[in-house]
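Participant: Quick one, structure for this:
(one chain, ligands or ions: 1)
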Amino acid sequence: MIIAIDGPAASGKGTLGKRLAHHYGFRHLDTGVIYRAVAQALLEAGADLSDEVRAVAAAMELDPEKFGNPVLKTQKVGDAASVVSAIPKVREALISFQRQFAADPPGAVLDGRDIGTVICPNAEVKIFVVADPHVRARRRTLEALARGEIADEAAVLADILKRDERDKNRATAPLIAAPDAVLLDNSHLDIEGGVRVAIDIVEAVRAGRSRV
Ligand code: DC
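Facilitator: Next up is the predicted model:
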């Protein structure tokens, strides 16, 4: 079974993906990390983020061993990832890695922006996670503070809005819910509540109660 979880920045889709994968014994891929790793490779090399040739080369040389690098979680790298991810050839170079991950047994949860629409359009379950931008900004700020980073909630909100705008309006694989995705609004849910709703959605599909 493939579970596709899409949604905007800081919507909680990553945590949800990880928890769902754990619940079902599936493997989990946070696809945002892939774009962040490409962006970080360019930043490290001092290259321009719009340098298509270098960005594609970085995408083709991707090293999953580096996905755990904590620098990938920073706002600076997230912003840069939003820029490089708008380059169609970068996205193209990353498709087969993601599809291969999804296809390997016993099942997989992938979270990102275009999993249900482009990467795994045949996923058995598609969930589109949304949350009020102010709630997302508050959560992201608290997470940053907990990591010991300096974070200003108003600046985090501005960054989230800018990133939403860029991710929704790019020409290739924009952030949009697949027509057969189930919407999960977690503005007023804590992590446990969101996980419960997501499990209910998966169980409904497994029971054949709905095709999502
Ligand atoms: O989910 P995230 O914040 O880690 O993603 C960082 C950026 O990567 C995001 O702004 C857009 C891009 N991204 C994408 O274009 N497609 C994906 N499947 C995942 C992330």
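Participant: can you list contacts of stretch 69-85?
Facilitator: Stretch 69-85 is contacted by residues 9, 32-33, 35-40, 42-43, 49-50, 55, 66, 90-91, 113, 144, 147, 149, 156, 159, 162-163, 166-167, 170 when judged by CB atoms under 8 Å, 6 or more residues apart in numbering. To be clear about C-beta, it is placed using only N, CA and C from the backbone, and glycine gets the same treatment.
Participant: same deal with stretch 181-196?
Facilitator: Applying CB under 8 Å, 6+ apart, the contact partners of stretch 181-196 are 4, 6, 11-12, 15-16, 19-20, 23, 116, 125-132, 135, 177, 197-198, 201, 212.
Participant: buried subset of those residues?
Facilitator: Listed as buried from the contacts of stretch 181-196 are 4, 6, 11-12, 15-16, 19-20, 116, 125-131, 135, 177, 197-198, 201, 212; burial here means 16 or more other CB atoms under 10 Å.
Participant: how about the helices in the chain?
Facilitator: Taking DSSP state H as the test, the helices found in the chain are 13-24, 31-45, 52-60, 75-84, 88-103, 133-146, 153-169, 191-206.
Participant: buried set for stretch 67-86?
Facilitator: Neighbour-count burial for stretch 67-86, counted by 16+ other CB under 10 Å, picks out 72-73, 75, 77-86.
Participant: which of these has the weakest pLDDT?
Facilitator: Lowest in pLDDT among the buried residues of stretch 67-86 is residue 75, which has 84.
Participant: From residue 147, how far off is that residue?
Facilitator: Distance of residue 75 to residue 147, computed by CB to CB, to the nearest Å: 11 Å.
Participant: Now do the contacts for residue 121.
Facilitator: By CB under 8 Å, 6+ apart, residue 121 lies in contact with residue 178.
Participant: before we move on, what about residue 199?
Facilitator: Contact analysis of residue 199 by CB under 8 Å, 6+ apart lists 20, 23.
Participant: Likewise for residue 172?
Facilitator: The neighbours of residue 172, taking CB under 8 Å, 6+ apart as the test, are 86, 88, 91.
Participant: I'd like these as CSV, with distance to the ligand appended.
Facilitator: Formatted as CSV, the contacts of residue 172 follow (distance: CB to the nearest ligand atom, whole Å):
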residue, distance to the ligand
86, 7
88, 11
91, 7
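Participant: Give me every residue in the protein that's in contact range of the ligand.
Facilitator: Counting by CB under 6 Å from any ligand atom, the residues of the chain close to the ligand are 9, 31-32, 35-36, 78, 81-82, 85, 112-114, 163, 167.
Participant: Pull out the buried residues from stretch 101-117.
Facilitator: For stretch 101-117, by 16+ other CB under 10 Å, it's 101-102, 108-117.
Participant: I should have written stretch 37-57 there, sorry.
Facilitator: Within stretch 37-57, the residues that count as buried by 16+ other CB under 10 Å are 37-43, 49, 54-57.
Participant: Start and end of it, how far apart?
Facilitator: End-to-end span of stretch 37-57 (CA to CA, to the nearest Å): 12 Å.
Participant: Just the residues contacting it, thanks.
Facilitator: Residues from elsewhere that reach stretch 37-57 (CB under 8 Å, 6+ apart): 58-59, 61-63, 66-67, 69, 71-72, 76-77, 80-81, 83-85, 87, 89-90, 93-94.
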